[in-house]
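Trainee: Give me a 3D structure for the following:
(one chain, ligands or ions: 1)
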Amino acid sequence: MEEMELLKEKINLEPTKSEMELLKERIKLESVESKMELLKEKIKLESMESKMELFKEKIRTAVMDSDYAENIIVFGEGKENAKICMIGEAPGGEEEKQRKPFVGRAGKILWDFLEITGLKREQIYITNVVKFRPADRSKTGRTINRTPKKTEIDFFLPYLIEELMIVQPDIIVTLGNVPLKAVTGEESATIGAMHGVMTTTKHSYQLFPLYHPASIIYNSGLAQTYQNDLQILKQYL
Ligand code: URA
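Mentor: Now for the predicted structure:
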């Protein structure tokens, strides 16, 4: 680079024909190098996309071969090499309808609060531990959400780990207790004790636990805590 600057300077002064040729060669080389960098980035993204497609196919097949075959799968979505990967519990009714994570009421709260950090949905990869809607029938015959069962979490856990290996985020943000326990592998981990503090997981991921956004619906006092935690997260971005 220094050499190049010297050459440019020299050319401004008094370029000889051979220096001019040399400079042209170098400029050509530099543009080839930057094209190569772009190409490498493109290949990385393409291979990530195909890894993700294979991964989704693997889940489809596993679910089809399981007791969960009747369920609609809601995959994670977002930027695949995102700095932040958010992990929720499981999709709800609206997510099942649209086949996208966090598009219902809890999602609205999450995206509104996330404005504090300056992060946009498009910059994040977001997924759930359990990839279908855990639901029960109420006495009146309505379908109601329920917390995922341990068997459901255990079924999807290896896929979550694989998903994280594909996305390779710098920071994992778990939303609520279910993903916190799943990611840490610690049944005793609680969001009340761990929220708003950056820690490192056994797999060397940076982990920042947040409350589940739906918890604010049931406990409005948590709104301030959520804001404070997001201010802390912002410092890591
Ligand atoms: N709650 C979750 O945990 N995940 C969703 O996708 C929606 C609501």
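Trainee: what's the following helix or strand after the longest helix along the chain?
Mentor: As assigned by DSSP state H, the longest helix anywhere in the chain is helix 17-64. Once helix 17-64 ends, the next helix or strand along the chain (criterion: DSSP states H and E) is strand 77-78.
Trainee: helices or strands next to that next one in the packing?
Mentor: Judged by 3 or more CB pairs under 8 Å, 6 or more residues apart in numbering; DSSP states H and E, strand 77-78 is in contact with strand 124-128. To be clear about C-beta, it is placed using only N, CA and C from the backbone, and glycine gets the same treatment.
Trainee: need the residues of this structure near the ligand, please.
Mentor: Residues of the chain lying near the ligand by CB under 6 Å from any ligand atom: 88-92, 95, 101-102, 104, 106-107, 128.
Trainee: the strands in the protein, which residues?
Mentor: For the chain, strands defined by DSSP state E occupy the ranges 77-78, 84-88, 124-128, 135-137, 143-145, 171-174, 199-200, 206-207.
Trainee: Any stretches of this protein with poor pLDDT?
Mentor: For the chain, applying pLDDT under 70 flags the ranges 1-4, 6-15, 42, 45-46.
Trainee: Tell me who's in contact with the residue in the chain that the ligand sits nearest to.
Mentor: Closest contact between the chain and the ligand, by CB to the nearest ligand atom, is at Gly88 (2.9 Å). Applying CB atoms under 8 Å, 6 or more residues apart in numbering to Gly88 gives the contacts 101-102, 106, 126-129, 175-176, 179, 212.
Trainee: again with Glu5
Mentor: With contacts taken as CB under 8 Å, 6+ apart, Glu5 has no neighbouring residues.
Trainee: I'd like the distance between it and Ile27.
Mentor: 13 Å (CB to CB, to the nearest Å).
Trainee: now swap in Lys120 and tell me
Mentor: Using CB to CB, Lys120 is found at 37 Å from Ile27.
Trainee: Check whether Phe156 really touches Thr127, as I assumed.
Mentor: No. Phe156 is beyond contact range of Thr127, at 10.0 Å (criterion: CB atoms under 8 Å).
Trainee: can you pull the contacts of Glu57?
Mentor: So Glu57 contacts nothing (CB under 8 Å, 6+ apart).
Trainee: what separates Val183 from Thr200, distance-wise?
Mentor: According to CB to CB, Val183 and Thr200 sit 11 Å apart.
Trainee: Compare the two (neighbour count), which wins?
Mentor: Val183 (25 against 9; other CB atoms under 10 Å).
Trainee: Tell me which residues touch the more buried one, please.
Mentor: Contact analysis of Val183 by CB under 8 Å, 6+ apart lists 87, 160, 172, 174, 201, 205, 207.
Trainee: nearest residue to Pro91 other than its sequence neighbours?
Mentor: Distances taken as CB to CB, 6 or more residues apart in numbering place Val74 nearest to Pro91, at 4.0 Å, with adjacent residues excluded.
Trainee: hang on, the earlier thing: quick check: the two most widely separated of the contacts of Val183?
Mentor: Spatially, the most separated pair among the contacts of Val183 is Leu160 and Leu207, at 13.2 Å (CB to CB).
Trainee: sorry, back to before: generate a ChimeraX selection restricted to the buried subset of the residues of the chain next to the ligand.
Mentor: Buried subset of the residues of the chain next to the ligand, written as a ChimeraX selection, criterion 16 or more other CB atoms under 10 Å:
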select :88,89,90,91,92,95,101,102,104,106,107,128
